[in-house]
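Trainee: following is a predicted model, sequence given first.
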Amino acid sequence: MASNIHLTESFTNPPDYSFPHHRISRTMRDPQKTPIVLVACGSFSPVTYLHLRMFEMAKDYVRQNTDFEIIGGYLSPVSDMYKKPGLLSARHRVNMCTLAAEESANWLMVDTWEAFQSYQRTAIVLDHFDHEINTVLGGVYTEDGEHRNVRVMLLAGSDLISTMSEPGVWSYADLDHILGRYGTFIVERAGSGMDQATDSLAKWRHNIYLISQLIQNDVSSTKVRLFLRRGLSVRYLLPNPVVDYIEQNGLYLEESPNTSTTNSEKGKDRDSTNTLLKKDLPAQQQVC
């Protein structure tokens, strides 16, 4: 296992921050398994059904193929300092994620630690979860009262693993920390191959779990924003409370002012808005 290269003493918390743990199962059902928490880091601008579906696919995979037991799941929206095109303010993104999580599975939560402060690398975010769950909360217990530390694991789409295999996008130290110390579940996304992407990550293959998408779903936040700017309906692409929130607050009617280059170290989705306009919308809806 990779060494812990990040110091918990360096953590800074946003004002009035408290770690959400109201949906963590503190007592394990099966003492023979390893307790894990799934963490999805992303823009979530806006959060879609595919983001939520990833957790359900991971739950099925874990139950059928591993000796893990999921005791909780988290959406961790990125900070405004991420400066990604189309990135709405953290306040709105957190509100939408909260609405989506509360309506969905009873084990999903939204952690605002990453969202309401300066940019934090994914490796640091996972360290934060490890610290809060195992050091502050004290981990979990079996029904017989035996203490267990919880393993934090990253949940991401295959587009993210593709960026991890690209030279120079992620630092080797961070990759070793994320994939070596924690591990990841990678959910197949349309247009992103998984096997080839993992070839260059062979060192950590034992900690990379690949999940096939049995029902193809290519909904993305980028496409949702395009639909909204064109005045098209996005209902049934997003949870209803999220659609209502977007309409009530008049969101995504114009291009976000955040148009600078994405911070490459994080390795998030880098779809080109102009390419999608031409490729994914009918000709009569394209912008000249």
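Mentor: Nice, I can see it.
Trainee: what about the residue nearest to residue 238 when sequence neighbours are not counted, neighbour count?
Mentor: Closest residue to residue 238 in three dimensions, ignoring its sequence neighbours and counting by CB to CB, 6 or more residues apart in numbering: residue 48, at 5.5 Å. Placement of C-beta: from N, CA and C, glycine included. Using other CB atoms under 10 Å, the number of residues around residue 48 comes to 23.
Trainee: can you pull the contacts of residue 175?
Mentor: 164, 201, 204 (CB atoms under 8 Å, 6 or more residues apart in numbering).
Trainee: for residue 154, the count of nearby residues, please.
Mentor: Neighbour count for residue 154, taken as other CB under 10 Å: 25.
Trainee: quick check: it is in a strand.
Mentor: Yes: the assignment for residue 154 by DSSP: H, G, I helix; E, B strand; the rest coil puts it in a strand.
Trainee: give the contact list for it.
Mentor: Neighbouring residues of residue 154 by CB under 8 Å, 6+ apart: 38-41, 122, 126, 178, 182-185.
Trainee: which one of the residues you listed is nearest to residue 210?
Mentor: Distance to residue 210, by CB to CB, is smallest for residue 185 among the contacts of residue 154, at 8.2 Å.
Trainee: got any ranges where the stretch 151-288 of the chain has weak pLDDT?
Mentor: Where the stretch 151-288 of the chain drops to pLDDT under 70, the residues are 190-197, 255-288.
Trainee: make it 50
Mentor: Counting by pLDDT under 50, the stretch 151-288 of the chain contains low-confidence ranges at 259-288.
Trainee: now the strands for it?
Mentor: When secondary structure is read from DSSP state E, counting those that start in this stretch, the stretch 151-288 of the chain shows strands at 151-157, 184-187, 208-211.
Trainee: still on that earlier bit, select only the buried ones of the contacts of residue 154 in PyMOL?
Mentor: Selection of buried members from the contacts of residue 154 for PyMOL, criterion 16 or more other CB atoms under 10 Å:
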select buried, resi 38+39+40+41+122+126+178+182+183+184+185
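Trainee: quick one: the helices in the stretch 51-200 of the chain, in order.
Mentor: Secondary structure of the stretch 51-200 of the chain (DSSP state H, counting those that start in this stretch): helices at 90-103, 122-130, 158-164, 172-175, 195-199.
Trainee: TSV for the ones you listed, including distance to residue 233?
Mentor: Converted to TSV, the helices of the stretch 51-200 of the chain look like this (distance: least, CB to CB, whole Å):
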stretch	distance to residue 233
helix 90-103	17
helix 122-130	33
helix 158-164	25
helix 172-175	40
helix 195-199	34
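Trainee: got a winner among the contacts of residue 175 for most neighbours?
Mentor: Busiest of the contacts of residue 175 [other CB under 10 Å] is residue 164, holding 22 neighbours.
Trainee: isn't that one right up against residue 199?
Mentor: No: judged on CB atoms under 8 Å, residue 164 makes no contact with residue 199 at a distance of 11.5 Å.
Trainee: mind checking pLDDT for residue 110?
Mentor: With respect to pLDDT, residue 110 scores 98.
Trainee: got it, and residue 43?
Mentor: At residue 43, the model reports a pLDDT of 94.
Trainee: part of a strand, is residue 39?
Mentor: Yes: counting by three-state DSSP, residue 39 is part of a strand.
Trainee: per-residue pLDDT, it?
Mentor: 98.
Trainee: and the closest residue to it other than its chain neighbours, how far from residue 104?
Mentor: Excluding the flanking residues, the one nearest residue 39 by CB to CB, 6+ apart is residue 74, at 4.9 Å. Remark: distance between residue 74 and residue 104 (CB to CB, to the nearest Å) = 13 Å.
Trainee: who has more neighbours out of the two?
Mentor: For residue 74 versus residue 104, the count of surrounding residues by other CB under 10 Å is larger for residue 74: 29 against 18.
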